[in-house]
Structures are given as structure tokens and as C-alpha cells.
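Engineer: Fold the following for me, if possible:
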Amino acid sequence: MLPAVTIVIPTFNRAHTLGQAIEAGLGQSHPATTVMVIDDGSTDETQAVVSRYADHPRFVGVRLFANVGTAQAKNVGIALSKGDAVTFHDSDDIPHRDKVMRQARVIGNETIGAHPCLNWRLASREPETRVQVGAVLTHHELILPHGERVEIRRTLSLVDDFFPNLQMAAGVPGDWTHVNSGLFHRSVFERLGGFSNCIEEDREFRNRLIMAGEVIWVIPEILMTKIETSDSLTQQGATDYESPRRIADRKRVWDGVERWFATRQVDSVPIDLSGVQLRSCTNPNLCSSDGLAKLQGSFVEQVA
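Structural biologist: Numbers count the residues shown, from 1 in each chain. So this is what the prediction gives:
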């Protein structure tokens with residue numbers, strides 16, 4: 001069974017790249033794919049771009065009243081999505097047209113089992129039982145601001161916060177298999193909650209997946225192109241890899257790993273949207289009724 005998938009695209013003042021990301025999402029070969037843009041309080045021409053797709057039968061445009069940050073914008077997408085699985089694309093990502101299909105085939109595979117040659121009890125599972133894959137990742141290529149293309153194929157980098165002694169071969173800052181564009185089974189969010197409100201939200205969520213024993217499948221092919229530009233979060237001085245804010249968030253993530261080594265306990269991150277206001281939503285029929293009910297009181301205006 002191929003699960004229905006929601007592609008969540010959080011965006012803030014990226015009108016110049018957003019149209020391409022939407023087209024790539026709607027052009028995915030998996031037919032049961034909905035594209036949901038979360039406009040995180042943009043002040044540029046983002047709404048003009050979103051309005052071009054308002055009547056598309058597989059598109060949802062959600063506009064937040066104020067900027068709440070990428071992590072919370074993703075949490076809004078989780079709450080409103082109806083799909084059996086959710087993936088997150090940046091507003092300047094270019095996915096291969098079969099990216100979601102390839103991931104969905106793994107998520108929906110009901111024949112994957114826990115092979116007894118591995119110690120599955122460490123992940124709180126029994127050998128020779130069926131396992132539900134929680135996340136499907138892919139390799140990607142990174143286009144740097146000066147035009148260099150770098151292929152990211154270092155699957156071992158998934159455990160860099162756990163075993164830094166294994167990460168000495170990285171030649172590019174951020175040279176890791178990306179969690180951001182992974183496809184996640186909805187049950188993962190039910191067990192672990194959503195994204196922590198920080199700019200290292202992908203890294204923190206990845207660690208929770210690993211610590212909780214979720215099954216992570218990596219497709220060893222490049223199915224996504226990620227573009228670094230001067231206004232990307234990892235390039236801006238306030239949020240780049242060496243910024244005080246990112247260093248503080250990274251330490252917070254590392255502290256969580258240290259606690260897990262000491263206690264072997266994983267705390268979920270409940271999705272709290274009490275401070276989020278929705279300004280409008282196109283195609284609300286494509287949204288979760290429970291998610292809409294949670295946010296219903298915050299609507300400023302409703303776009304049918």
C-alpha cells in the first residue's frame with residue numbers, strides 16, 4: 001500500500017524560489033501527494049505566489065499571522081496534514097520527481113522484518129517480527145553559494161552527535177544525510193511529538209528518532225538538490241554554523257544526547273500551537289479536521 005503523503009513547505013520571505021518548490025512538489029510522480037505551504041508571516045510577494053495555486057486540487061496554502069520560526073511552521077504542517085506520511089521540503093529544494101514515490105514505497109512496505117542477525121532488543125523490538133519504518137531518508141546534492149556541487153552520501157553522519165570520533169572524513173560543514181527532507185510515518189509524531197523550537201530542529205528530531213529506536217531507512221541515491229544561497233539560514237551571520245544562536249542550540253541538542261546515554265529515556269516534544277495564529281487557509285478540506293479544530297479560534301480570515 002502506498003501511503004498518502006503531505007509535502008510541507010515552510011517558507012519565510014522566499015517568494016523568488018517558492019514557485020519552483022511548489023511546482024516540484026505538485027510534479028511528484030506519487031499521485032496521492034498534497035503540497036502544503038506554510039507561509040510563516042512573510043512580508044514579500046509570497047502570497048502572490050501562493051495565490052497562483054489556490055485552486056489546485058492538491059494544494060493547501062496556509063498563512064500565519066506572524067513569524068513563529070521554521071520549527072513551529074513545521075509543527076503547523078504536522079497538525080494540519082491528513083496524509084499517512086509527511087515530508088518537509090525547503091522553499092529552495094528541488095526534489096527528483098520520484099523522490100516521494102521512492103520513499104512512500106518503503107514506508108508502505110509491510111514485509112520488512114527484524115532480521116535476527118541484528119540485536120533488535122536494543123531498539124525494544126523482537127527479532128523476526130514485522131517493523132514499521134519510521135523515516136525514509138535519501139542522499140542529496142548541495143549547491144554552495146559559489147556554485148560548487150557537493151554530493152552528500154555520508155550515512156554514518158546520522159550518528160555524529162553520538163559518535164563524533166567517526167566523523168573525521170567530512171570535508172564540508174553540514175556534510176550529513178539530511179533529515180529535513182525525510183519522509184516520516186505519521187505514527188512517529190504520535191510517539192515523539194513534533195519539532196523542538198530551535199534552529200537545530202532537524203538535528204534534535206533526528207536524535208530523538210535514533211534514541212527512541214525508530215527504524216530509519218536510507219535510500220542510497222541522490223533524490224534531492226538543496227541550494228545554499230546568501231540568504232539561507234546556514235549562510236546568514238545570525239544563524240550560520242558559527243553563530244552564537246546555533247552554537248547554543250547545538251549544545252542544547254548535545255546535552256539531550258548526554259542525558260540519553262545516562263538514562264536511556266527519550267522525552268517527546270508535544271506540539272503546542274497555542275501561540276500561533278492562522279490568517280488564512282486555502283482548501284481547508286485537504287486539512288485534518290482535528291488540526292483545524294485546534295487552530296480554529298485563531299483564524300483571522302478564511303479563504304475558501
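Engineer: Please save the CA atoms from stretch 74-85 in PDB.
Structural biologist: Written as PDB, here are the backbone C-alpha positions of stretch 74-85 (Å, rounded to 0.1, in the frame of the first residue of the first chain):
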ATOM      1  CA  LYS A  74       6.600  22.500  10.500                       C
ATOM      2  CA  ASN A  75       4.500  21.700  13.600                       C
ATOM      3  CA  VAL A  76       1.600  23.500  12.000                       C
ATOM      4  CA  GLY A  77       2.100  21.400   8.900                       C
ATOM      5  CA  ILE A  78       2.100  18.200  11.000                       C
ATOM      6  CA  ALA A  79      -1.100  19.200  12.800                       C
ATOM      7  CA  LEU A  80      -3.000  20.100   9.600                       C
ATOM      8  CA  SER A  81      -1.800  17.300   7.300                       C
ATOM      9  CA  LYS A  82      -4.100  14.400   6.500                       C
ATOM     10  CA  GLY A  83      -1.600  12.100   4.900                       C
ATOM     11  CA  ASP A  84      -0.400   8.800   6.300                       C
ATOM     12  CA  ALA A  85       3.200  10.200   6.000                       C
END
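Engineer: And the lengthiest helix in the chain, what does it pack against?
Structural biologist: Assignment by DSSP state H gives helix 244-263 as the longest helix of the chain. On a contact count with 3 or more CB pairs under 8 Å, 6 or more residues apart in numbering; DSSP states H and E, helix 244-263 meets helix 201-211. Glycine gets a C-beta too; all of them are placed from N, C-alpha and C.
Engineer: between the longest helix of the chain and helix 201-211, how many degrees?
Structural biologist: Angle, helix 244-263 to helix 201-211, by axes from the mean of the first three to the mean of the last three CA atoms, to 10 degrees: 10 degrees.
Engineer: Next, the buried residues of helix 244-263.
Structural biologist: Buried residues in helix 244-263, counted by 16 or more other CB atoms under 10 Å: 246, 249-250, 253-254, 256-257, 260.
Engineer: ok, those residues vs Glu126, which is closest?
Structural biologist: Distance to Glu126, by CB to CB, is smallest for Trp260 among those, at 22.2 Å.
Engineer: right, and that closest one touches Ala212 too?
Structural biologist: No. Assessed by CB atoms under 8 Å, Trp260 is found out of contact with Ala212, at 9.4 Å.
Engineer: which stretches of this structure form helices?
Structural biologist: Using DSSP H, helices in the chain cover 15-26, 46-51, 70-80, 99-107, 186-192, 201-211, 244-263, 289-295.
Engineer: Output those helices in JSON lines, with mean pLDDT and distance to Leu142 appended to each entry.
Structural biologist: JSON lines is the format used below for these (pLDDT from 0 to 100; distance: least, CB to CB, whole Å):
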{"stretch": "helix 15-26", "mean pLDDT": "96", "distance to Leu142": "15"}
{"stretch": "helix 46-51", "mean pLDDT": "97", "distance to Leu142": "24"}
{"stretch": "helix 70-80", "mean pLDDT": "96", "distance to Leu142": "18"}
{"stretch": "helix 99-107", "mean pLDDT": "98", "distance to Leu142": "16"}
{"stretch": "helix 186-192", "mean pLDDT": "97", "distance to Leu142": "25"}
{"stretch": "helix 201-211", "mean pLDDT": "95", "distance to Leu142": "14"}
{"stretch": "helix 244-263", "mean pLDDT": "93", "distance to Leu142": "17"}
{"stretch": "helix 289-295", "mean pLDDT": "86", "distance to Leu142": "33"}
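Engineer: and the ones you listed as a markdown table, adding distance to Cys281?
Structural biologist: Conversion of the helices of the chain to a markdown table gives the following (distance: least, CB to CB, whole Å):
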| stretch | distance to Cys281 |
| --- | --- |
| helix 15-26 | 16 |
| helix 46-51 | 11 |
| helix 70-80 | 8 |
| helix 99-107 | 22 |
| helix 186-192 | 20 |
| helix 201-211 | 23 |
| helix 244-263 | 30 |
| helix 289-295 | 8 |
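Engineer: Having no further points to raise, I will conclude here.
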